[in-house]
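Visitor: Pasting a predicted model and its sequence here:
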Amino acid sequence: MNTISGGAVTKPFITYHNELDMNLFMRVAPELYHKMLMAGGIDRVYETGCQFWNEGIDLTPNPEVTTCEFYIAYTSYHELMEIMEKLFRGW
């Protein structure tokens with residue numbers, strides 16, 4: 001749950017938190033918070049978690065998906081490919 005909606009162009013699911021007396025948004029993508037951490041000086045950020053896409057009524061998309069998203073500063077695409085290969089091989 002986030003206090004702001006954002007991270008993608010899809011419409012977020014909105015819920016109301018009674019105890020906090022505020023609207024909350026089920027997150028669409030974690031990228032906004034990852035980029036804030038990177039701008040704050042953390043050079044490696046990753047997360048595996050659920051995203052919720054509100055695409056309306058449709059039988060084809062799944063509104064809840066699990067993703068792995070990461071950002072690494074000062075690296076090349078060759079190093080990123082190596083990390084992904086290790087991830088899929090199980091290190």
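Guide: Structure received.
Visitor: Quick check: the residue nearest the centre of the chain vs residue 48, distance?
Guide: By CA atoms, centre = their mean, the mean C-alpha position of the chain lies nearest to residue 30, the distance being 2.5 Å. Residue 30 is 10 Å from residue 48, where distance means CB to CB, to the nearest Å. Placement of C-beta: from N, CA and C, glycine included.
Visitor: For residue 83, see how far away residue 42 is.
Guide: Using CB to CB, we find residue 42 at a distance of 17 Å from residue 83.
Visitor: thinking again about what came up before, what pairs with the nearest residue in space to the residue nearest to the centre of the chain that is not next to it in sequence across the strands?
Guide: In space, and not counting its chain neighbours, residue 30 is closest to residue 47: 5.2 Å by CB to CB, 6 or more residues apart in numbering. Counting by DSSP bridges, residue 47 forms beta bridges with residue 69.
Visitor: I'd say residue 47 and residue 37 touch.
Guide: No: if you go by CB atoms under 8 Å, residue 47 and residue 37 don't touch, sitting 10.1 Å apart.
Visitor: Which residue ranges of this structure form helices?
Guide: In the chain, the segments counted as helices under DSSP state H are 31-39, 77-89.
Visitor: most packed of the ones you listed?
Guide: For the helices of the chain, the largest average neighbour count (mean count of other CB atoms under 10 Å) is found in helix 31-39, namely a mean of 14.
Visitor: Output the contacting helices and strands for that one.
Guide: For helix 31-39, the packing partners by 3 or more CB pairs under 8 Å, 6 or more residues apart in numbering; DSSP states H and E come out as strand 44-52, strand 64-72.
Visitor: got JSON lines for the ones you listed, with distance to residue 79 and mean neighbour count too?
Guide: Putting these into JSON lines (distance: least, CB to CB, whole Å; neighbours: other CB atoms under 10 Å) gives the following:
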{"stretch": "strand 44-52", "distance to residue 79": "11", "mean neighbour count": "14"}
{"stretch": "strand 64-72", "distance to residue 79": "7", "mean neighbour count": "12"}
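Visitor: May I see those organised as TSV, with mean pLDDT and distance to residue 90 added?
Guide: Shown next, in TSV, are the helices and strands packed on helix 31-39 (pLDDT from 0 to 100; distance: least, CB to CB, whole Å):
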stretch	mean pLDDT	distance to residue 90
strand 44-52	82	14
strand 64-72	82	14
